[in-house]
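[1] Need a 3D model of the following:
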Amino acid sequence: MGTNATFDPVNKLITLTEVPVGSPAKATLDVQVDLYSDAKEDWLTNLSLNKFKFPFTAIGGNDLGGGVYAGAYYFLDNTSGWSIQPYDVDHILTVVGNLFGLDPNLPIFEGTVNPHNVLIQLERSSLTQAIVTGGATLTLEDIADAVWDEELLAHVGVDSAAVYVKNTHTHASNTEANSLAILEDTSTTIPTQLDLLNDPTKEEIATAVWDEVL
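    I've put the predicted structure just below:
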């Protein structure tokens with residue numbers, strides 16, 4: 001039986017049961033784990049559910065070799081009336097995974113039992129591949145985020161990409177500082193030159209700037 005959702009095949013309703021926590025209250029729904037996998041387990045083990053059509057269709061997840069798998073997309077059968085009902089309190093619900101309705105013109109969520117405000121955030125991805133390492137699934141976006149979020153100071157290998165980026169940043173900062181120092185030393189900064197002009201026109205200012213010997 002699913003731990004974060006219950007499935008009612010008669011009313012074609014998926015009720016979310018995870019209690020939102022925090023302030024503001026928040027809950028997270030993993031499409032693959034909390035919906036598709038738990039529903040599949042329930043349909044396989046519950047004889048009463050076996051009489052009803054499974055509410056989800058999934059595509060993707062195929063093994064592409066080398067530990068790489070095609071990204072998965074899940075479709076709720078909203079054409080036959082299936083919908084998802086959030087927990088019955090005010091909260092923010094984050095739905096993680098590529099969840100869609102079979103009919104894109106029909107809703108996949110319905111209101112709470114009692115009047116509540118629920119903000120639903122769908123974290124979908126254009127992911128086409130996923131990589132499995134050590135039993136954990138890493139998406140290409142996960143890997144890209146890890147690369148760009150990495151602290152460069154820890155990487156000191158000669159000719160490494162990290163050292164190149166750090167040196168480029170340092171060179172740019174030094175160049176800017178040196179250029180400013182030269183201009184200040186020769187009294188050729190823009191504020192200094194403007195003080196020497198007597199109510200100049202914009203054309204005269206432009207001419208003075210571009211004709212200045214650096």
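
[2] how many neighbours does Gly101 have?
    As a burial measure, Gly101 scores 18 neighbours (other C-beta atoms under 10 Å). Heads up, the C-betas are built off the backbone N, CA and C, glycines and all.

[3] Contact partners for it?
    Contact partners of Gly101, counting by C-beta atoms under 8 Å, 6 or more residues apart in numbering, are Phe75, Leu76, Asn78, Thr79, Pro107, Ile108.

[4] now the strands: where do they sit in the chain?
    Applying DSSP state E to the chain gives strands spanning 5-8, 13-16, 26-30, 56-59, 63-65, 68-70, 73-76, 83-85, 91-96, 99-101, 118-123, 129-133, 136-139.

[5] May I have the strands that pair with the fifth one, each with its orientation?
    Applying DSSP bridges, strand 63-65 is found paired with strand 68-70 (antiparallel).

[6] What's the mean pLDDT across the partner strand?
    In this model, strand 68-70 has an average pLDDT of 77.

[7] Stretch 75-84 now?
    On average, stretch 75-84 scores 96.

[8] Over to stretch 3-23?
    For stretch 3-23, the mean confidence score works out to 93.

[9] Would you mind measuring the gap between the ends of it?
    Start-to-end span of stretch 3-23 (C-alpha to C-alpha, to the nearest Å) is 23 Å.

[10] cool, stretch 15-28 as well?
    14 Å.

[11] Using a markdown table, lay out the strands of the chain together with distance to Glu41.
    A markdown table is the format used below for these (distance: least, C-beta to C-beta, whole Å):
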| stretch | distance to Glu41 |
| --- | --- |
| strand 5-8 | 10 |
| strand 13-16 | 14 |
| strand 26-30 | 14 |
| strand 56-59 | 12 |
| strand 63-65 | 21 |
| strand 68-70 | 20 |
| strand 73-76 | 15 |
| strand 83-85 | 18 |
| strand 91-96 | 19 |
| strand 99-101 | 18 |
| strand 118-123 | 23 |
| strand 129-133 | 21 |
| strand 136-139 | 18 |
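
[12] closest to Leu49 out of those strands?
    Leu49 sits nearest to strand 5-8 of all the strands of the chain, at 6.9 Å, using C-beta to C-beta.

[13] ok, and what's touching that closest one?
    Outside strand 5-8, the residues touching it (C-beta under 8 Å, 6+ apart) are 13-18, 29, 34-35, 38-39, 42, 49, 55, 84.

[14] dump the residue contacts of the closest residue to Asn114 other than its chain neighbours.
    Nearest non-adjacent residue to Asn114, counting by C-beta to C-beta, 6 or more residues apart in numbering: Asp88, 5.7 Å away. By C-beta under 8 Å, 6+ apart, Asp88 lies in contact with Thr112, Val113, Asn114, His116.

[15] Name the member of those residues with the most neighbours.
    Thr112 leads the contacts of Asp88 on contacts (other C-beta under 10 Å) with 18 neighbours.

[16] Would you check how far apart the closest residue to that one other than its chain neighbours and Thr17 are?
    What sits nearest to Thr112 in space, not counting adjacent residues and going by C-beta to C-beta, 6+ apart, is Asp88, at 4.7 Å. Going from Asp88 to Thr17 by C-beta to C-beta, to the nearest Å gives 10 Å.

[17] can you check Lys53 too?
    23 Å.
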